[in-house]
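*Asks:* when you get a sec, could you give me coordinates for this:
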Amino acid sequence: MRTEIHHLLGEGDFVTIHLTHHVVFEPNARFQTRMGWIDLGGKSVQWSAMTVLRFESNRIAEQWVIRDELYLALQAGVVTPTHL
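*Replies:* Have a look, this model is predicted:
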C-alpha cells in the first residue's frame, strides 16, 4: 500500500487530508465498503479519500472519512458503467 497526500490543511484542532491510496491486494483478499464486501484478491486498485481529524491533547479524538467506493467497485468489476 502506498498513500499519496495531495493536500494537508490544519486549523485549530482540525486537520483535513486529501489523499489517494494505491493498493495491491493479496490473493483471496476482500475489502469492506458501504455496499458490502468486495473481492479484490490479486488486484491493483486506487481510490481517493478526504479525511478530517480532530485532535485533543495531541491525540486523534475523532475522525471522519469519505472515500470513493464507487471507483473502487468499478475497478473490481463489481459494477459496470452504462451509457444513456
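*Asks:* correct me if wrong: residue 64 contacts residue 51.
*Replies:* Yes: assessed by Cβ atoms under 8 Å, residue 64 is found in contact with residue 51 at 7.0 Å. Heads up, the C-betas are built off the backbone N, CA and C, glycines and all.
*Asks:* the two: who's more crowded?
*Replies:* Each of residue 64 and residue 51 has its neighbours counted (other Cβ atoms under 10 Å); residue 51 has more, 15 against 10.
*Asks:* got a list of what the more buried one touches?
*Replies:* Listed by Cβ atoms under 8 Å, 6 or more residues apart in numbering, the contact set of residue 51 reads 16-17, 19, 63-66.
*Asks:* need the strands for this structure, in chain order.
*Replies:* 2-11, 14-24, 30-33, 36-39, 44-56, 59-67 (DSSP state E).
*Asks:* of all these, which lies closest to residue 82?
*Replies:* strand 36-39 (19.2 Å; Cβ to Cβ).
*Asks:* got the buried residues for that closest one?
*Replies:* For strand 36-39, a neighbour-count test (16 or more other Cβ atoms under 10 Å) marks residue 38 as buried.
*Asks:* how near is residue 50 to residue 39?
*Replies:* For residue 50, the distance to residue 39 equals 26 Å [Cβ to Cβ, to the nearest Å].
*Asks:* which of the contacts of residue 51 are buried?
*Replies:* Buried members of the contacts of residue 51, counted by 16+ other Cβ under 10 Å: 17, 19.
*Asks:* closest to residue 55 among the contacts of residue 51?
*Replies:* The closest of the contacts of residue 51 to residue 55 turns out to be residue 63 (Cβ to Cβ; 10.2 Å).
*Asks:* tell me the pLDDT of that closest one.
*Replies:* Listed pLDDT for residue 63 reads 98.
*Asks:* does it touch residue 49 like I think?
*Replies:* No: at 11.3 Å, residue 63 does not count as touching residue 49 under the criterion of Cβ under 8 Å.
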